[in-house]
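# quick one, fold the following:
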Amino acid sequence: MHRLKMISTVSSSSLTSFSRIQSNFKLNPKEIVLRTTRERRGISISRTNNESNEKEWKKSNELKKKEKEYKICVVGSGPAGFYTAESLVKMSKERKARPPLASSSPLSPLHSIPSVNSIQSQGYPDSPQKHREDSKIELKVDILEKLPSPFGLVRFGVAPDHPEVKLVSHKFEELIGDQCKFFGNITIGKDVTIEELRKHYHAIVLAYGAASDRWLNIPGEKSKGVHSARDFVGWLNGHPEYKDLQFDLSGEEAIIVGQGNVALDVARILLRPVSELQETDITSSAIEKLKASNIKKVHILGRRGPAQASFTSKEVREMLTMTNCKTFVKQEEIQINKNSEDELKGNRAQRRMVELLLSKSKAIDTEKDLTEEEKNSRQIFVRFFKNPIEFTTNKDGSVSGLVCEETRLEGESPQKAVGTGVKSTFPANIVFRSIGYKSIPLQGIPFDEKSGTVPNQDGRLKIDDKFHYGTYVSGWLKRGPSGIIGTNKWDAEETAGTIFDDIESGHLERGEEVPEGFEGIRKIIEGKGVQIVDFSDWKLVEKEENSRGKSNGKVREKITTSQEMLDIINKAKKNT
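All right, here's what the predicted structure looks like:
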């Protein structure tokens, strides 16, 4: 009896609903079923055709998809940032999602929860939670940059006469689309804080590289005429922060302290014929300065021997084949001890570089051994076993030379340079320090001053043996300033893999909280009156640079101030 009554009630209710819909809209039975279903699900009933119904369902599905998307923020648009974004996008198409944790709750400010091992030991794969409907991991990546222009080190840190190295930016550009976006002219810590990023993203990856360099910390280092090689290369490339730097090239002798590829970049630019640089993307102001340069002799000094120099064969070969320029080494400084020979046996690339350098350079005892032709040419002296201890200055405070102590190698690999007490002075009109770059700390992020890195394991933030899920590092900030541009690729893959491990094991779940991604921080940034530059905006600037370059017979003429870039963007948008 109760069962019959229940059926009767349901039938009566259904008939009432059917009757109401038919009387109001005169719909066919198929439409009635659809609208009744929609009504039960809380979707408003309106006089719409099938096309609008599909749009409504599509909108609902898009909302669901958005809710389960992982939103990743990459801070820094240099090689480390773009390679990390590339790896994340690629892995999202390859790796499969696992079910979320049985119990998800908002994470602490540092996203600190028990280690992945503790979760796996609880039999995580057998969690009672249902698996995701779509096994593919959905994510979106936003790359944030301080400058209005992307590409970081590729744009500002590669020597202008190496255009082939800069071509990697074309590959990075291909990444920009629906799944990966670029937003420039945003200063982290000023326009938006780390905590605000954490709130609006499932994970943040710090990949902002090294914005400073290492000092020798010897007397006279702050004298006029002593510069950072990093600043010089940034000036050549039109970096907005270095465009106003002054380099006095009126003297004949320069010293570069350090024996890495950046040192060779500086030496090459100082001595290469300007005619070979004019068609590159070097700034016009730098070209004019180099045209007036009197530099004819460059000393490249290293604390240890040839086997320990950090050059690569490609750069050494370029140095050795420059027009009207000769390279010299000193006979007594190119002898390689047994431990150095052992080091070279295990490093083929290094051995080939040393063989090339020593076989193609002219070995001399003193500069008096130079021929008249060599004396009239431009000269590079690669000197070993020299430890800088003091700069000498002129009466006006400008640098006049560098005092070095002779060294010798001791111990096993890695051998150390030990002072011998013997000193020598190298005259100089300008000096460039090229002993390594250094990252700078960011407020709210732990930082190791000694190594210039953020403490991490496999790219995941780690403090006092405790992981902090949701915060990651990549590139120089992760491993220190070493390697070439391509080195960042495998480094980025490792960090991206760590992020996916944390996604799959549930460490980045937020429970009911759905991070908004960039739209969440857009309100914060624009609320401070900051103009955000997206990739289409940047293309307007690039178009103008290419146009100016074409007029001057160059690849491009770089815009060297952020404000001018913004003015170009605003003017172009106004005219469209």
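
# not counting its neighbours along the chain, what's nearest the most centrally placed residue in the chain?
For the chain, G78 is the residue whose C-alpha lies nearest the centre (Cα atoms, centre = their mean; 3.0 Å). Computed as Cβ to Cβ, 6 or more residues apart in numbering, the closest residue to G78 that is not its neighbour in sequence is G152, at 2.5 Å. From N, CA and C alone the C-beta is placed, and that goes for glycine too.

# enumerate every residue touching that neighbour.
Counting by Cβ atoms under 8 Å, 6 or more residues apart in numbering, G152 makes contact with 76-79, 81, 145, 209.

# measure it to A211 for me?
According to Cβ to Cβ, to the nearest Å, G152 and A211 sit 10 Å apart.

# pull the most distant pair out of the contacts of G152.
For these, the farthest-apart pair by Cβ to Cβ is P79 and E145; their separation is 12.8 Å.

# quick one, which of the two is more surrounded?
Shown here are P79 and E145; by other Cβ atoms under 10 Å, P79 has more neighbours (30 against 25).

# what's the local residue count around the residue nearest to the more buried one when sequence neighbours are not counted?
Leaving aside its sequence neighbours, P79 sits nearest to N488 (Cβ to Cβ, 6+ apart; 4.4 Å). N488: 25 surrounding residues under other Cβ under 10 Å.

# doesn't E86 make contact with N488?
No: N488 is beyond contact range of E86, at 10.4 Å (criterion: Cβ atoms under 8 Å).

# can you tell me the average pLDDT over the helix or strand containing G549?
Assessed by DSSP states H and E, G549 sits inside helix 535-551. Average pLDDT, helix 535-551: 97.

# direction-wise, compare the following helix or strand past that helix with helix 535-551 and give the angle.
Moving toward the C-terminus from helix 535-551, the next helix or strand (DSSP H and E) is helix 562-574. Here helix 562-574 runs at an angle of 100 degrees relative to helix 535-551 (axes from the mean of the first three to the mean of the last three Cα atoms, to 10 degrees).

# pull out the buried residues from helix 562-574.
For helix 562-574, the neighbour count (16 or more other Cβ atoms under 10 Å) marks 562, 565-566, 568-569 as buried.

# can you check stretch 328-348 too?
Across stretch 328-348, burial judged by 16+ other Cβ under 10 Å covers 328-330, 333-334, 339-340, 343-344.

# show the end-to-end separation of that stretch, please.
Chord length of stretch 328-348, first to last residue, is 24 Å (Cα to Cα, to the nearest Å).

# off-centre distance for it?
34 Å (Cα atoms, centre = their mean, to the nearest Å).

# next one: stretch 194-206
With Cα atoms, centre = their mean, you get 17 Å for stretch 194-206.

# what is the mean pLDDT for that stretch?
pLDDT averaged over stretch 194-206 gives 97.

# for K71, grab phi and psi.
Dihedral angles of K71 (phi, psi; degrees, to the nearest 10) stand at phi -110, psi 120.

# so what's the residue count around it?
Neighbours of K71 (other Cβ under 10 Å): 23.

# ok, Y83 next?
29.

# separation between Y472 and M565?
29 Å.

# an error on my part: the question was meant for L264.
Between L264 and M565 the computed distance is 31 Å (Cβ to Cβ).

# and if you look at H202?
H202 is 31 Å from M565, by Cβ to Cβ.

# okay, and the beta partners of L206?
V75, V473 (DSSP bridges).

# please name the residues that touch it.
L206 sits next to 75-76, 442, 445, 454, 471-474, 477 when contact means Cβ under 8 Å, 6+ apart.

# again, only using 6 Å
By Cβ atoms under 6 Å, 6 or more residues apart in numbering, L206 lies in contact with 75, 473, 477.

# go on, S424?
Here S424 is in contact with C404 (Cβ under 6 Å, 6+ apart).

# what is it paired to in the beta sheet?
C404.

# and L508, how many neighbours?
L508: 24 surrounding residues under other Cβ under 10 Å.

# quick check: it is in a helix.
No: going by DSSP: H, G, I helix; E, B strand; the rest coil, the assignment for L508 is coil, not a helix.

# can you give the contact residues for the helix or strand hosting A492?
Per DSSP H and E, A492 falls inside helix 487-504. Applying Cβ under 6 Å, 6+ apart, the contact partners of helix 487-504 are 70, 79-80, 83-84, 87-88, 91, 95, 98, 203, 458-460, 469, 472, 474-475, 508.

# so where's this structure shaky on pLDDT?
Across the chain, residues meeting the criterion (pLDDT under 70) sit at 1-67, 96-135.

# related to what we said a few turns ago, buried stuff in the helix holding A492?
Of the residues in helix 487-504, those buried by neighbour count under the rule 16+ other Cβ under 10 Å are 487-489, 491-493, 495-500, 502-504.

# what does stretch 352-371 give?
So stretch 352-371, judged by 16+ other Cβ under 10 Å, has buried residues 353-354, 356-357, 361, 370.

# tell me which two of those residues sit farthest apart.
M353 and L370 (24.6 Å).

# just grab the bridge partners of the closest residue to K181 other than its chain neighbours for me.
Nearest non-adjacent residue to K181, counting by Cβ to Cβ, 6+ apart: D142, 5.3 Å away. Taking DSSP bridges as the rule, D142 bridges to C73, K181.

# could you report the neighbour count for D142?
Counted with other Cβ under 10 Å, D142 comes out at 22.

# surely it touches F518?
Yes: using Cβ atoms under 6 Å, D142 is in contact with F518, at 4.8 Å.

# distance check, R317 against E86.
Taking Cβ to Cβ, one finds R317 at 30 Å from E86.

# for those two, work out which one has more neighbours and name it.
Neighbour count, other Cβ under 10 Å: between R317 and E86, E86 has more, with 20 against 14.

# buried sites along the host helix or strand of R230?
Per DSSP H and E: R230 is located in helix 229-236. Residues 229-236 are the ones in helix 229-236 that count as buried (16+ other Cβ under 10 Å).

# helices or strands next to the helix holding G549 in the packing?
Contact here means 3 or more Cβ pairs under 6 Å, 6 or more residues apart in numbering; DSSP states H and E; on that basis helix 535-551 packs against helix 562-574.

# am I right that V382 sits in a helix?
No: in this structure, V382 is strand, not part of a helix, as judged by three-state DSSP.

# which stretches in the stretch 301-450 of the chain count as strands?
Taking DSSP state E, counting those that start in this stretch to define them, one finds strands in the stretch 301-450 of the chain at 325-330, 362-364, 378-383, 386-393, 399-410, 416-427, 430-433, 437-438.

# Throw these into a markdown table and include distance to A307, thanks.
Below are the strands of the stretch 301-450 of the chain laid out as a markdown table (distance: least, Cβ to Cβ, whole Å):
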| stretch | distance to A307 |
| --- | --- |
| strand 325-330 | 13 |
| strand 362-364 | 16 |
| strand 378-383 | 13 |
| strand 386-393 | 16 |
| strand 399-410 | 9 |
| strand 416-427 | 12 |
| strand 430-433 | 23 |
| strand 437-438 | 23 |
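
# just name the most buried of those.
With neighbours taken as mean count of other Cβ atoms under 10 Å, these reach their highest mean count in strand 430-433, at a mean of 26.

# contacts for that one?
225-229, 254-257, 266, 399.

# most neighbours, which of these?
Busiest of the contacts of strand 430-433 [other Cβ under 10 Å] is I256, holding 29 neighbours.

# isn't that one up against L301?
No: taking contacts as Cβ under 6 Å, I256 lies outside contact range of L301: 7.1 Å.
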